[in-house]
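A.B. asks: Structure for the following, please:
(2 chains)
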Amino acid sequence: MDPARRSTETWRSHILRQLKHRDLSQTSMFQDLIRFYTQLLEKTSLTKAVLSSSNRRDCADSSSSLSSLQEQTSWMKKSTGELAYQVVELQQKIQIKTCFLQDQQDSLQVEKRRLGGVSDACQTLQKQVDHFNLENRKLKEDYDSLLERQRWAESKLREQKVQEEEMLEKMLQLKNQAAARMNNRNERRSRARQATLQKDLQTAARSKVTIDSSSSAPSSRSTSPKPELHVSRGRGQTRLFRKRRGHSVSSLKEDLLYPVGFCVSARVPARSLQVLEAHEQGINAVRFSFSSDLLATGGTDRIVKLWELRAGSLTHRTTLDGSTEGITCIEFDPMGQKVLAASYDRSALLWRVDDSVPKVALTGHSRKVTAAKFTRVSNQVVTGSLDRTVRLWDLQRTACVQQVEVVSSCSDLVCSENIIISGHFDCKIRVWDSRLASCTQELPAQGRVTSLDLSSDRRQLLICCRDDCLQLVDLRRWSNERLCFRAEGFKCGSDSTRAVMSPDGCYLAAGSADGAVYIWNVSTGTLETRLPDKHSSSISAVSWSPSGEYVVSVDRSRRAILWSDI
Amino acid sequence: MADDKDVLRDVWFGRIPTCFTLNPDEATEREAEPYYLLLPRVSYLPLVTDKVKKHFLKVMKAEDVEMWFEYEGTPLKWHYPVGVLFDLHASNTVLPWSITVHFKSFPDQDLLHCPSNSVVEAHFMSSIKEADALKHKSQVINDMQKKDHKQLWMGLQNDKFDQFWAMNRKLMEYSTEEGGFRYIPFRIYQTSSDRPFIQKLFRPVSPEGSAHTLGDLLNEMYPDKKRYQVLIHGIEPLLETPLQWLSEHLSHPDNFLHICVVPAPTD
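C.D. replies: Predicted structure coming up:
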């Protein structure tokens, strides 16, 4: 079969070759050419068509019309683009406007609702207004009626007043008439008396006795250097004679109330038995009671402390408070049951012993009370103050019965029967009659009087002065001869330094500014002892016990020292 | 075989470069440019000359006139395949093939009228049926449905090789015991002859069983063979090419083997 196959292959391959050759020669040579030719033909035909269409109108613009057409198309494209853009813009604006419109409508709705609410409120308010107007009218009517009534009542009142005045006038007239009648009667009586008196006088004058001078004497003695208050002048004119009160030391029943503790002899203290920090602040005053077993101290801390003295030692018993300011002076009553204290708070206070609340407070001074003492009259207290008055008080009535104005401030007082002796800053001692409340004598002192003390027989008066001198005055004689005691180193510490006499009258004790206690002998007139070194500051007061055994001194630095000779 | 497929494709896609020129007598004020076109060999003139008509009608400005072609005075019959026309009349001339386009004075004696493409379709389908009658006693073509016939025509009209051959291969099948078709459908064309073509019954296989060749066919039909060129689809196959193979592969779409015998070119 090979040759057959080979032969088939030959004619087959021949045919294939032939076909390929044919295609090559006939087709592929002309393919591209014909394609391009056809394209060119199409383009030319198109151009021809364009040219022919424009040729119908204008031959000259054949070439430019194409470009113009192209320009026209491009311009149209541009304009369409612009118009599209404008359309978009306008649409946006429309959207914005619709939104805005919506908002406006919403706000309009809101406003309408609000308006509805407001109109409702307005209506309710209107109703309220009407209601109030109605009420106002009613009130006005009531008011008018009340006004009417008031006017009627006023007129009535006026009429009544007029009537009253008339009645009063009538009454006055009647009374005047009665008074006139009385006056007339009195006048007649006095005229009658005068007439009888004249007659007597005339008869007496005819006797021709030299009674003219004696009649004038009482009138001169009745005048006193000091003015008198609280005595009506009317009475003084009718009374021609006055009883004269003298300086008699009369023994009244009142004296029996005072226990007479007599001291045989006082002992000069030699050393300190006890040193106490007695108070919180400085101590101003110290006093033994009349029975020698109680001691009272008082000072700036506004309290009075009572101490019991037993067997040479002091124990605290009670505290009396009630003063609002510092204590200046303390005194026990003669029975030993009451304590009287004068205070910076312008009052004097009275306690019962062991009763820490004051029973009585005597107020009335306008400045600090420097001394308060019991007078010999029962239930009477005399106080002296820096306000330059001395007052007498009645304890039962707790009232000031007399008040005496002094020239100078009083620094201390002592009382004897019917007399009160006061020491003043103007270096004078004044003696008062307690019953008359008038100054009977005025004695000069060496310097500013700081304290006074009376001896137990009340014959001697000890004056302590600021110029560091102690004076002893005999009360009976009232002479200017005085015993004067000085010592080296003794200085008065303050305006209220207290000096005391011993109960037997032989010694004087005083505290000095240097913190030592000085003791003088009266008979010798010299310093007996000096007790130093116990006080750290100036001594403000000393007190000698009535039994004579103890001396207590107190100072500014709160110390109280008990001295004795044991 | 792959080569046979190539043959079929080459046959189908064969082209002839043609230059259509308007008859100068029929030109109007403007000169008409000639129209160049690559004509498919296997198609018919009315199917492929629409553009030509459009091109020349622009110049002609005449409507509803029948276009006819002529080559060097010879009106070209439209019912012949284009390749046949070329091989017959201008196989050895200078390419492109110059055809003159006429619009007027249609030669009724020589040409048939072709008012529309459906006429061409009818002609084509009748050719196929005739060929199948020869090959299979019309069994295959009668078994085909109407749509298959339509597919054959559409494939040709639209130049769709695969679409056409999907149907056409059925027509190319034969039972093995036969060894080939019953008769080979062929037409032999001659330029100088009173008869348009020669068509006779011819069996592909000899009674002895050997395959007839092209030479056998020609000897039968042409006792004398002077200096002639035998062209099928523009090529000269060897004379010993078996006829059965030729009919299967080198037939035109109308299933006929169109053979052109032209005088050999004298150099």
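
A.B. asks: Helices of the stretch 51-200 of chain B, start to end?
C.D. replies: Using DSSP state H, counting those that start in this stretch, the helices of the stretch 51-200 of chain B run over B:82-90, B:117-136, B:139-143, B:146-157, B:161-171.

A.B. asks: Now do the longest one against helix B:161-171, angle only.
C.D. replies: Here helix B:117-136 runs at an angle of 40 degrees relative to helix B:161-171 (axes from the mean of the first three to the mean of the last three CA atoms, to 10 degrees).

A.B. asks: average pLDDT across helix B:117-136?
C.D. replies: In this model, helix B:117-136 has a mean pLDDT of 93.

A.B. asks: What residues sit buried inside it?
C.D. replies: Residues B:120-121, B:123-125, B:127-136 are the ones in helix B:117-136 that count as buried (16 or more other CB atoms under 10 Å in any protein chain shown). Using the backbone N, CA and C atoms, a C-beta is placed for each residue, glycine as well.

A.B. asks: same check, this time on the third one
C.D. replies: Of the residues in helix B:139-143, those buried by neighbour count under the rule 16+ other CB under 10 Å are B:140-141.

A.B. asks: Tell me the one of the buried residues of helix B:117-136 nearest residue A:329?
C.D. replies: Nearest to residue A:329 out of these is residue B:121 (CB to CB; 168.2 Å).

A.B. asks: so how far is residue B:140 from the closest residue to the closest one other than its chain neighbours?
C.D. replies: Nearest non-adjacent residue to residue B:121, counting by CB to CB, 6 or more residues apart in numbering or on different chains: residue B:153, 5.1 Å away. Residue B:153 sits at a distance of 16 Å from residue B:140 (criterion: CB to CB, to the nearest Å).

A.B. asks: Also residue A:409?
C.D. replies: Going from residue A:409 to residue B:140 by CB to CB gives 174 Å.

A.B. asks: Taking the centroid of chain B, which residue is nearest it?
C.D. replies: In chain B, the centroid-proximal residue (CA atoms, centre = their mean) is residue B:81; its distance is 2.7 Å.

A.B. asks: and the gap between that residue and residue B:256?
C.D. replies: The gap separating residue B:81 from residue B:256 is 9 Å, by CB to CB.

A.B. asks: Make sure residue A:554 is indeed in a helix.
C.D. replies: No - Residue A:554 is assigned strand when assessed by DSSP: H, G, I helix; E, B strand; the rest coil, not a helix.

A.B. asks: Spatially nearest residue to it (excluding sequence neighbours)?
C.D. replies: Of all residues not flanking residue A:554 in the chain, residue A:283 sits nearest, at 3.8 Å (CB to CB, 6+ apart).

A.B. asks: Pull the number of nearby residues for that neighbour.
C.D. replies: 29 (other CB atoms under 10 Å in any protein chain shown).

A.B. asks: ok, it - contacts?
C.D. replies: Neighbour list for residue A:283: A:297-300, A:540-541, A:554-556, A:558-560 [criterion: CB atoms under 8 Å, 6 or more residues apart in numbering or on different chains].

A.B. asks: again with residue B:115
C.D. replies: With contacts defined as CB under 8 Å, 6+ apart, residue B:115 is in contact with residue B:66.
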